[in-house]
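*Asks:* Show me the folded form of this:
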Amino acid sequence: MGHWRHLADSANGANLAARVKDLILAIDQGTTGTTVLVVDQKLTVRARGYREVPQIYPRPGEVEHDPEAIWASVTGAIGEALAPGDAERLAAIGITNQRETTLLWERRSGRPVANAIVWQDRRTAPQCAELKAAGHEDFVRRRTGLVLDPYFSATKIKWLLENVQGLRERAEAGEIAFGTVDSFLVWRLSGERVHATDVTNASRTLLFDLETMRFSDDLCEIFDVPTQILPEVRPSAGRFAETRGVPGLPDGVPIAGVAGDQQAALFGQDCVDTGDAKCTFGTGAFLLMNVGARPTPSQRGLLTTVAWTLSEDVAAASTGNSTGPRARTAYALEGSAFVAGALVQWLRDGLGIIAKAADVEALARSVPDSGGVTIVPALAGLGAPHWRPDARGLISGITRGTTKAHLARAALEAIAMQNVDLLRAMQADAGHPITGLRVDGGASANDLLMQLQADLSGLQIFRPEMVESTALGAAKLAARGVGLPRTDRTSNTARVRIFNPSLPAAAREEMLARWHTAVTRA
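*Replies:* Numbers count the residues shown, from 1 in each chain. Coordinates of the predicted model:
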């Protein structure tokens, strides 16, 4: 399908009412639930469906999902989103997903062999420590752009192979398939015919080489993962498969766009030029910067990852059929702060100084500044660029005059200041400035937080009216994957609120110096 086209039905040689393929179904399969959007050719959201995904906590530090519950959330959200007649108007499906979460299933039956191990799970920390002690860390970092951490998929795969009876032998015999959530959904949506992933999700497994753009035998050997279980790697925009036997969907709808959630948000925010960056404000803060057509190694504790591929080069290269250029692959630097919105939740649930999260803005606005109070939100250690899991939260600068309003404002400042550390590290690693920061996620609705982010970073902050950038990115990739006309970039950013920095540079640096002193103490 090279364009939006009209299909005329005919019966007994007579033309019936024309049906237009003018809708895209975007599936956003997240950690706590699945959102499905139906968008039209102008990328306007026409309908929305949502289903929660139950969380399973077998032991402290362990987080699992039932793969069948994930699938049920997807089909349920699809059923809620599609109005009568909409299914026949679908031009394409896009998928975006929680990254790194690891699933294994039987190729013959499609039955999962165990619960999925979620990206948050820390059970493989001892494996990562052993690999570091064996001297593998530098090699893995050079090849994958990632750090040795339980966050990623490889050690999760090994844990399942070693802890489900007989599974390794079955995997080595070719009976078992591995996938991140995108692969599992493509498998199910295609009637269990296509076992594939896209480059963004592949690049989060610790098994994917950023230079060769394929799964690496050397990395598989280090992590003791049999190559027989791996999916085919495809571009982020392109035809993956077609639907078959899915409740509520007709057969033959192209699955044409796939990307991990943060990369999808980057694409959804139109960060298509080198230097463009976005930050998703959720439980944590996820900041990605487009660094262009070559992977940029980080010297400052950031991750290097694939942003997307918009050509067929990777599909051919992954099967060994091509050594052609990757002209349409973009890469990103990524930094994650573990605690962002979660800090506001702690003010609500831990300290009880607000009744609901939305109250924090008004409380923080009731004072002109934090009164010298600084919060380091290391409630779960510090992520990039510090990577200090042993760090602990800290509140400094308290006086007899400190009030809950000062704590609220210090909390918003802390969320913004940890992002400044990431932004400065990114610009130094990339060797060029960030041109402006686009934002999305629930906490981006806080106007004061966005103004503080502008003031403390010295950057313009762009907040679109449509903040569901992750699902929007999946829809845009799917549209591109079937050759639909591209929406002009300016039309996507026409309804944007801009926050301009207004804090004098000297005051900014004074606040950041106080922050860095507190981080050192933490």
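*Asks:* How about residue 112, nearest residue that isn't a chain neighbour?
*Replies:* Distances taken as Cβ to Cβ, 6 or more residues apart in numbering put residue 67 closest to residue 112, at 4.0 Å, once the chain neighbours are dropped. Every C-beta, even on glycine, is put in place using the N, C-alpha and C of the backbone.
*Asks:* Give me the phi and psi angles of that neighbour.
*Replies:* Per-residue torsions, residue 67: phi -60, psi -30 (degrees, to the nearest 10).
*Asks:* what's near enough to touch it?
*Replies:* Residues near residue 67 by Cβ atoms under 8 Å, 6 or more residues apart in numbering: 103, 105, 112, 115, 116, 184.
*Asks:* likewise residue 33?
*Replies:* Neighbouring residues of residue 33 by Cβ under 8 Å, 6+ apart: 50, 51, 52, 53, 73.
*Asks:* which residues touch stretch 471-480?
*Replies:* With contacts defined as Cβ under 8 Å, 6+ apart, stretch 471-480 is touched by 24, 26-28, 35-37, 39, 41, 43, 91-96, 236-237, 254-259, 263-269, 308, 310, 466, 486-487.
*Asks:* and residue 399, how many neighbours?
*Replies:* 9 (other Cβ atoms under 10 Å).
*Asks:* Correct me if wrong, but it is in a strand.
*Replies:* No. Residue 399: not assigned to a strand; according to DSSP: H, G, I helix; E, B strand; the rest coil it is coil.
*Asks:* distance of it from residue 406?
*Replies:* 9 Å (Cβ to Cβ, to the nearest Å).
*Asks:* quick one, phi/psi of residue 57?
*Replies:* Backbone torsions for residue 57, taken as degrees, to the nearest 10, come to phi -120, psi 90.
*Asks:* And for it, the neighbour number?
*Replies:* By the criterion of other Cβ under 10 Å, residue 57 has 11 neighbours.
*Asks:* Tell me the predicted confidence for it.
*Replies:* The per-residue pLDDT reported for residue 57 equals 89.
*Asks:* and the nearest residue to it once chain neighbours are set aside, what does it touch?
*Replies:* Leaving aside its chain neighbours, residue 57 sits nearest to residue 63 (6.2 Å; criterion: Cβ to Cβ, 6+ apart). Going by Cβ under 8 Å, 6+ apart, residue 63 touches 55, 56, 57, 117, 118, 120, 121.
*Asks:* Quick one: buried ones out of those residues?
*Replies:* 117, 118, 120, 121 (16 or more other Cβ atoms under 10 Å).
*Asks:* quick one: the last one from residue 57, how far?
*Replies:* Okay, so that is residue 121. Counting by Cβ to Cβ, the gap from residue 121 to residue 57 is 10 Å.
*Asks:* From what I see, residue 105 and residue 181 are in contact.
*Replies:* No. With contact defined as Cβ atoms under 8 Å, residue 105 does not count as touching residue 181 (12.0 Å).
*Asks:* The two: which is more packed in?
*Replies:* Between residue 105 and residue 181, residue 181 has the larger neighbour count (other Cβ under 10 Å), namely 32 against 24.
*Asks:* And that one, how far from residue 259?
*Replies:* Taking Cβ to Cβ, one finds residue 181 at 12 Å from residue 259.
*Asks:* what do you get for residue 161?
*Replies:* Residue 161 is 27 Å from residue 259, by Cβ to Cβ.
*Asks:* Between these two, which has more neighbouring residues?
*Replies:* Counted by other Cβ under 10 Å, residue 161 and residue 259 do not tie: residue 259 has more neighbours, with 34 against 23.
*Asks:* What separation is there between that one and residue 507?
*Replies:* Going from residue 259 to residue 507 by Cβ to Cβ gives 39 Å.
*Asks:* mind checking pLDDT for the closest residue to residue 385 other than its chain neighbours?
*Replies:* The shortest distance from residue 385 to any residue other than its chain neighbours is 3.4 Å, reached at residue 301 (Cβ to Cβ, 6+ apart). Reading off the confidence values, residue 301 has pLDDT 85.
*Asks:* Name all residues that make contact with residue 301.
*Replies:* Counting by Cβ under 8 Å, 6+ apart, residue 301 touches 335, 384, 385, 386, 387, 425.
*Asks:* Repeat the analysis, applying 6 Å as the threshold.
*Replies:* Contacts for residue 301 (Cβ atoms under 6 Å, 6 or more residues apart in numbering) come out as 384, 385, 387.
*Asks:* Make a markdown table from those and add neighbour count to it.
*Replies:* Putting those into a markdown table (neighbours: other Cβ atoms under 10 Å) gives the following:
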| residue | neighbour count |
| --- | --- |
| 384 | 23 |
| 385 | 20 |
| 387 | 13 |
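*Asks:* Please report the distance of residue 147 from residue 204.
*Replies:* Residue 147 sits 12 Å away from residue 204, going by Cβ to Cβ.
*Asks:* One more: residue 64?
*Replies:* Using Cβ to Cβ, residue 64 is found at 18 Å from residue 204.
*Asks:* Could you check which of the two is surrounded by more residues?
*Replies:* In this view residue 64 and residue 204 are compared by other Cβ under 10 Å, and residue 204 has more residues nearby, 28 against 19.
*Asks:* That one against residue 97, yeah?
*Replies:* No. With contact defined as Cβ atoms under 6 Å, residue 204 does not reach residue 97; the gap is 10.4 Å.
*Asks:* okay, now residue 410: neighbour count?
*Replies:* The tally of other residues near residue 410 (other Cβ under 10 Å) stands at 27.
*Asks:* okay, it: pLDDT?
*Replies:* Looking at residue 410, its pLDDT is 94.
*Asks:* That one touches residue 373, doesn't it?
*Replies:* Yes. Look at residue 410 against residue 373 with Cβ under 6 Å: they come within range, at 4.2 Å.
*Asks:* Mind giving me the ChimeraX select for the contacts of stretch 471-480, buried ones only?
*Replies:* Typed into ChimeraX, the line below selects the buried ones among the contacts of stretch 471-480, using 16+ other Cβ under 10 Å:
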select :24,26,27,28,35,36,37,39,41,43,91,92,93,94,95,96,236,237,254,255,256,257,258,259,263,264,265,266,267,268,269,308,310,466,487
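*Asks:* Give me the subset of the contacts of stretch 471-480 lying in strands.
*Replies:* Within the contacts of stretch 471-480, residues falling in strands by DSSP state E are 24, 26-28, 35-37, 39, 91-96, 237, 254-259, 308.
*Asks:* What distance do you get for residue 332 to residue 200?
*Replies:* Using Cβ to Cβ, residue 332 is found at 9 Å from residue 200.
*Asks:* got it, and residue 522?
*Replies:* Distance from residue 522 to residue 200, by Cβ to Cβ: 32 Å.
*Asks:* what does residue 509 give?
*Replies:* 36 Å.
*Asks:* So which of those two has more stuff around it?
*Replies:* Between residue 509 and residue 200, counted using other Cβ under 10 Å, the more crowded position is residue 200 (31 against 13).
*Asks:* where does the more buried one fall, phi/psi-wise?
*Replies:* Note on residue 200: its backbone torsions stand at phi -70, psi -40 [degrees, to the nearest 10].
*Asks:* before we move on, what about the one 5 residues further on?
*Replies:* Residue 205 has phi and psi values of phi -100, psi -10 when expressed as degrees, to the nearest 10.
*Asks:* Could I get the pLDDT score of it?
*Replies:* The model reports residue 205 with a pLDDT of 96.
*Asks:* And for it, the neighbour number?
*Replies:* As a burial measure, residue 205 scores 27 neighbours (other Cβ under 10 Å).
*Asks:* so what's the closest residue to it other than its chain neighbours scoring on pLDDT?
*Replies:* Of all residues not flanking residue 205 in the chain, residue 153 sits nearest, at 4.1 Å (Cβ to Cβ, 6+ apart). Per-residue confidence (pLDDT) for residue 153: 94.
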